[in-house]
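> this is a predicted model, with the sequence first.
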Amino acid sequence: MTITDLVLVLFIAVLLAFAIYDQFIMPRRHGSTLLSVPLLRRSRVDSVIFVGLVLILIYNNITSHGPQTTTWLLCGLVLMGLYLFWIRAPKIIFKQKGFFFANVWIEYSRIKEMNLSEDGVLVMQLEQRRLLVRVRNIDDLEGIYKLLVSSQ
């Protein structure tokens, strides 16, 4: 196995570990889930570029008669990219004492201020940073509001 194959295996393992953590472990951490709200996806241009570049690498490996192991590992990397960028939906998960946003645990006590922008973006001001929560369904903002008011 070449160093290229080892690096590909490492990247696939890291992406698979992230997918397992995001899908199965994170919802079970810090107690039961009170509310899980799907968020809007960011621009998919980066994912198209990533998958396109890996497809170019697959084509180049096939035409230059490279190792089949590398081709299969690149195909696995494409599948992981498609899952993470196109199938998996980002979400905010509310728990009893805090919430997960972008896979980071944030306690309710860290929220200093909350505002709702005109275009339906919930803005949460923390100590040093601002969170912009863009929900997929605008009606979910009412559920978030009720949950945050009842937890205070």
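That came in fine, so what should we check first? What you are looking at is a predicted structure, and each value in this text was computed from that prediction instead of being measured.
> and residue 99, how many neighbours?
Burial measure for residue 99: 28 neighbouring residues, criterion other Cβ atoms under 10 Å. For glycine as for every other residue, the C-beta is placed from the backbone atoms N, C-alpha and C.
> how about the nearest residue to the residue nearest the centre of the chain, chain neighbours excluded?
When Cα atoms, centre = their mean is applied to the chain, the residue found nearest the centroid is residue 90 (5.0 Å). Once flanking residues are discounted, residue 90 sits nearest to residue 39: 4.5 Å by Cβ to Cβ, 6 or more residues apart in numbering.
> any idea what the one you found is bridged to?
residue 135 (DSSP bridges).
> all further residue positions should be reported with the first residue as 34.
In the new count, where the first residue is 34, that last one comes out as residue 72.
> and residue 163, how far from residue 85?
33 Å (Cβ to Cβ, to the nearest Å).
> one more: residue 101?
Counting by Cβ to Cβ - residue 101 and residue 85 are separated by 22 Å.
> what about residue 140, neighbour count?
Residue 140: 12 neighbours (other Cβ under 10 Å).
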